[in-house]
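Enquirer: mind folding the following:
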Amino acid sequence: MNSLTLTRPDDFHLHLRDSAALASVVGDSARQFARAIIMPNLKIPITTVEMADNYRRRIMECLPDESDFQPLMTLYLTDNTVPEEIETVARSNFVHAVKYYPAGATTNSDHGVSKLEKTFPVLEAMSESSVPLLLHGEVTDPDVDVFDREQVFIDRVLSPLMTRFPNLKIVFEHITTKGAAEFIKQGPENIAATLTPQHLIYNRNAIFSSGLRPHHYCLPVLKREKHRQALLDALDSGHRRFFLGTDSAPHARGDKESACGCAGIYSAHSAIELYASVFDELDKIENLEAFSSHNGADFYGLERNTEKIVLNKVDWRIPESLPFVESEIIPFMAGETCHWKMQSE
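Expert: The predicted structure follows:
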């Protein structure tokens with residue numbers, strides 16, 4: 001197959017930042033995706049529906065002319081979130097989920113939840129209102145090895161959480177391990193997971209290939225090859241509770257190439273093309289549309305998109321860098337060959 005027409009996809013996990021950084025990157029996502037779940041972990045986190053509305057307006061103002069891209073907003077769960085805010089979420093038509101970050105787990109997560117028990121009244125309200133909980137699925141206990149944080153999270157946090165709130169709709173975001181993939185496959189209908197390009201394409205050797213590679217550093221960190229293969233098996237299965245979520249996270253080059261480099265990989269520039277390459281290598285390109293355009297919309301209770309895009313099988317080179325505010329950003333797989341290209345409209 002040298003050409004593929006599919007329903008315009010959605011990105012169910014996207015970081016757009018704010019202000020000049022937002023303006024620098026939002027066009028990449030709008031070019032490919034109809035909608036995206038927007039992460040709320042700004043420096044001042046998005047904790048209320050009013051803040052989400054203001055942020056949504058700022059995103060819309062930065063979109064290219066005539067773009068119909070829709071930002072699907074989320075709230076940042078904190079120890080101080082109240083059930084009444086969930087009632088406001090349920091009444092809104094633009095806030096679609098609430099995001100859980102363990103305090104200190106990733107970029108701008110210092111305001112995250114210290115103990116999940118503090119949020120139980122909020123989670124009960126979410127369960128009753130069918131508002132999805134999005135999980136950054138890692139523990140932050142310093143005694144837990146960084147490569148084991150996801151599995152420990154499943155054992156200590158996720159399994160007990162699902163027992164306590166059996167009807168709570170959950171998205172286990174950017175899963176990285178065999179254990180997480182199996183947990184989703186064996187789980188009930190109210191839990192799903194997103195898969196990123198980096199965790200499908202690279203294992204943890206990429207971070208240390210011929211030196212330290214800061215642009216391959218993200219959280220959750222890349223894992224062993226056996227875990228990458230398990231994620232590929234999830235794609236190969238065509239299971240409907242796995243769907244596209246890039247976790248694309250822009251950082252200026254200098255913030256990555258530093259003594260304490262930021263976690264995050266910028267994949268938005270060529271996301272759908274990278275996913276197409278992965279599916280093609282699995283000889284399952286026919287599964288791309290469900291993964292990228294149907295499964296996530298169905299799980300969130302959204303109407304499927306009707307517009308189409310065309311992908312052509314052609315080799316092209318991902319740029320070495322892209323402009324970003326007053327600096328530059330190094331995109332995922334910079335300088336490497338991608339084997340599918342989205343057709344310009």
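
Enquirer: now stretch 59-76: how far from the chain's centre is it?
Expert: From the chain centre to the centre of stretch 59-76 is a distance of 16 Å (CA atoms, centre = their mean, to the nearest Å).

Enquirer: wait, stretch 334-343
Expert: Distance, centroid of stretch 334-343 to centroid of chain: 20 Å (CA atoms, centre = their mean).

Enquirer: and if you look at stretch 302-318?
Expert: 18 Å.

Enquirer: buried stuff in it?
Expert: 302, 305, 309, 311, 318 (16 or more other CB atoms under 10 Å). (C-beta placed from N, C-alpha, C; glycine too.)

Enquirer: how about stretch 274-282?
Expert: Under the neighbour-count criterion of 16+ other CB under 10 Å, stretch 274-282 has 274, 275, 276, 277, 278, 279, 280 buried.

Enquirer: quick one: average pLDDT of that stretch?
Expert: Regarding stretch 274-282, the rounded mean pLDDT is 98.

Enquirer: burial count for residue 254?
Expert: Using other CB atoms under 10 Å, residue 254 is surrounded by 11 other residues.

Enquirer: hang on, it in a helix?
Expert: Yes. When classified by DSSP: H, G, I helix; E, B strand; the rest coil, residue 254 is found to be part of a helix.

Enquirer: tell me the pLDDT of it.
Expert: For residue 254, pLDDT reads 97.

Enquirer: what about it, distance to residue 324?
Expert: Note on residue 254: its distance to residue 324, by CB to CB, to the nearest Å, is 10 Å.

Enquirer: in helices, which of the buried residues of stretch 274-282 appear?
Expert: If you go by DSSP state H, the buried residues of stretch 274-282 have 274, 275, 276, 277, 278, 279, 280 in helices.

Enquirer: got these as a markdown table, with distance to residue 24 columns?
Expert: Converted to a markdown table, those look like this (distance: CB to CB, whole Å):
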| residue | distance to residue 24 |
| --- | --- |
| 274 | 20 |
| 275 | 23 |
| 276 | 25 |
| 277 | 25 |
| 278 | 26 |
| 279 | 29 |
| 280 | 30 |
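
Enquirer: quickly name whichever of the residues you listed is closest to residue 1.
Expert: residue 280 (8.1 Å; CB to CB).

Enquirer: from what I can see that closest one touches residue 314, true?
Expert: No. Using CB atoms under 8 Å, residue 280 is not in contact with residue 314; the gap is 11.9 Å.

Enquirer: intersection of neighbour lists for those two?
Expert: Shared contacts of residue 280 and residue 314, defined by CB atoms under 8 Å, 6 or more residues apart in numbering, are found at 339, 340.

Enquirer: ok, of the buried residues of stretch 274-282, which one's closest to residue 229?
Expert: Of all the buried residues of stretch 274-282, residue 278 has the smallest distance to residue 229: 12.2 Å, by CB to CB.

Enquirer: quick one: secondary structure of the spatially closest residue to the closest one that is not a sequence neighbour?
Expert: Leaving aside its sequence neighbours, residue 278 sits nearest to residue 200 (CB to CB, 6 or more residues apart in numbering; 5.0 Å). At residue 200 the chain is in helix, as set by three-state DSSP.

Enquirer: same question, residue 341
Expert: strand.

Enquirer: residue ranges in the stretch 51-200 of the chain under the pLDDT threshold?
Expert: Applying pLDDT under 70 to the stretch 51-200 of the chain picks out residues 104-110.

Enquirer: can you rerun that using 80?
Expert: For the stretch 51-200 of the chain, residues meeting the criterion pLDDT under 80 lie at 103-111.

Enquirer: the stretch 201-345 of the chain too?
Expert: Using pLDDT under 80, the flagged stretches of the stretch 201-345 of the chain are 345.

Enquirer: now the strands for it?
Expert: Using DSSP state E, counting those that start in this stretch, the strands of the stretch 201-345 of the chain run over 242-244, 308-317, 322-324, 327-329, 337-342.

Enquirer: same list (those) but as JSON lines, adding distance to residue 220.
Expert: As requested, the strands of the stretch 201-345 of the chain are arranged in JSON lines below (distance: least, CB to CB, whole Å):
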{"stretch": "strand 242-244", "distance to residue 220": "16"}
{"stretch": "strand 308-317", "distance to residue 220": "28"}
{"stretch": "strand 322-324", "distance to residue 220": "24"}
{"stretch": "strand 327-329", "distance to residue 220": "21"}
{"stretch": "strand 337-342", "distance to residue 220": "24"}
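
Enquirer: picking up where we left off before, contacting residues for the residue nearest to residue 278?
Expert: Listed by CB under 8 Å, 6+ apart, the contact set of residue 200 reads 228, 231, 232, 235, 275, 278.

Enquirer: now residue 133
Expert: Contact analysis of residue 133 by CB under 8 Å, 6+ apart lists 77, 97, 98, 100, 123, 126, 168, 169, 170, 171.
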